[in-house]
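Visitor: Predicted model and sequence follow; I will ask about them next.
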Amino acid sequence: MSTEPVFVLPGDHIDPEYIPSHPTKPLRLGPGLRHVPPNDILPTLAGQLVTDRPKNAIRVENSEGRYIPRIGELVIGTVQKSAADAYSVSLSDYTAPALLPHLAFESASKKTRPNLASGALVYARVSSANKHMDAEVECVNPSTGKADGLGPLTGGMVFRISLGMARRLMLPRSVQDGKLVVLEELGAAGLQFETATGRNGRFWIHSENTKTIIAVGKAVQETDGRRLGIEDQKKLVRKIIKEMT
């Protein structure tokens with residue numbers, strides 16, 4: 001089967017080779033798809049067709065759509081306020097705030113939990129998601145009690161990116177499967193920075209050099225907005241590095 005991304009429009013025919021089949025698990029249709037009896041599956045959104053064969057699931061990834069929290073996804077949230085036992089955390093402009101329990105941090109207790117002010121950033125995992133209730137997020141791995149990279153994000157800047165770009169950045173092999181080389185090229189050019197990507201379309205960059213933060217953010221947003229291929233990403237990085245010197 002082809003490894004190239006597959007894009008669909010509403011009403012398009014989906015080739016059966018892209019529909020996962022499992023001997024025991026039922027097929028799960030995600031956002032952007034509907035079943036038309038007896039056997040047709042039609043897209044209702046324009047976007048990239050994404051299959052998850054281990055889960056026997058398929059969905060349409062609409063880059064400009066509203067973020068819908070799903071259990072296990074990593075997100076970057078902005079603290080809005082603190083209530084009696086949880087923070088109210090914004091995940092996007094079009095999503096209801098999520099709850100972040102005060103004790104959902106590594107080694108947190110009533111005395112040692114982080115004191116996060118309004119506007120603070122957190123890198124969290126969605127722990128509960130139900131369309132009838134507010135989502136919950138956590139900054140700790142419940143099975144180990146460790147942060148595992150989650151928690152408050154200090155310094156740096158957050159840039160908005162499309163949901164599709166967030167997914168590509170978070171792929172285990174973003175170069176091979178996501179066709180993204182922009183970050184690798186920036187690092188190879190000598191820029192030093194660290195990043196965190198939220199599935200909710202948020203991209204955090206930290207560096208000791210403010211110019212580096214701006215350059216990396218600009219490169220990622222332009223790659224996203226202009227849908228640049230690999231060679232054009234390399235050209236963009238060369239241009240940005242030249243402008244910095």
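Guide: Arrived safely, thanks for sending.
Visitor: avg pLDDT for stretch 207-214?
Guide: Mean pLDDT, computed over stretch 207-214, is 96.
Visitor: Residue 165 in helix, strand or coil?
Guide: Of the three states, residue 165 takes helix according to DSSP: H, G, I helix; E, B strand; the rest coil.
Visitor: Now do it against residue 194, distance only.
Guide: Residue 165 sits 18 Å away from residue 194, going by CB to CB, to the nearest Å. Bear in mind the C-beta positions are built from the backbone N, C-alpha and C, glycine included.
Visitor: Also residue 45?
Guide: Counting by CB to CB - residue 45 and residue 194 are separated by 34 Å.
Visitor: Tell me which of these two has more neighbours.
Guide: Neighbour totals were compared for residue 45 and residue 194, and residue 45 leads with 16 against 12 (other CB atoms under 10 Å).
Visitor: Wait, the more buried one touches residue 31, no?
Guide: Yes - the pair residue 45 / residue 31 is scored as a contact, 7.2 Å apart, by CB atoms under 8 Å.
Visitor: And the helices in the protein?
Guide: For the chain, the helices defined by DSSP state H occupy 163-169, 182-188, 210-225, 230-244.
Visitor: Return the residues in contact with the residue nearest the centre of the chain.
Guide: With distances taken as CA atoms, centre = their mean, the chain has residue 199 as the residue nearest its mean C-alpha position (1.7 Å). By CB atoms under 8 Å, 6 or more residues apart in numbering, residue 199 lies in contact with 67, 70, 73, 74, 75, 163, 166, 167, 170.
Visitor: Leaving out sequence neighbours, find the closest residue to residue 206.
Guide: Once flanking residues are discounted, residue 206 sits nearest to residue 156: 3.3 Å by CB to CB, 6 or more residues apart in numbering.
Visitor: The one you found touches residue 205, doesn't it?
Guide: Yes - Residue 156 lies in contact with residue 205 (CB under 8 Å); the separation is 5.5 Å.
Visitor: higher neighbour count, those two?
Guide: Each of residue 156 and residue 205 has its neighbours counted (other CB under 10 Å); residue 205 has more, 21 against 18.
Visitor: Looks like the more buried one contacts residue 197 (just checking).
Guide: No - look at residue 205 against residue 197 with CB under 8 Å: they stay out of range, at 10.0 Å.
Visitor: packing partners for the lowest-mean-pLDDT helix or strand in the chain?
Guide: Every helix and strand of the chain was ranked by mean pLDDT, DSSP states H and E. The lowest is strand 6-8, at a mean of 78. Where contact means 3 or more CB pairs under 8 Å, 6 or more residues apart in numbering; DSSP states H and E, strand 6-8 is packed against strand 47-52.
Visitor: Fine by me, we can end here.
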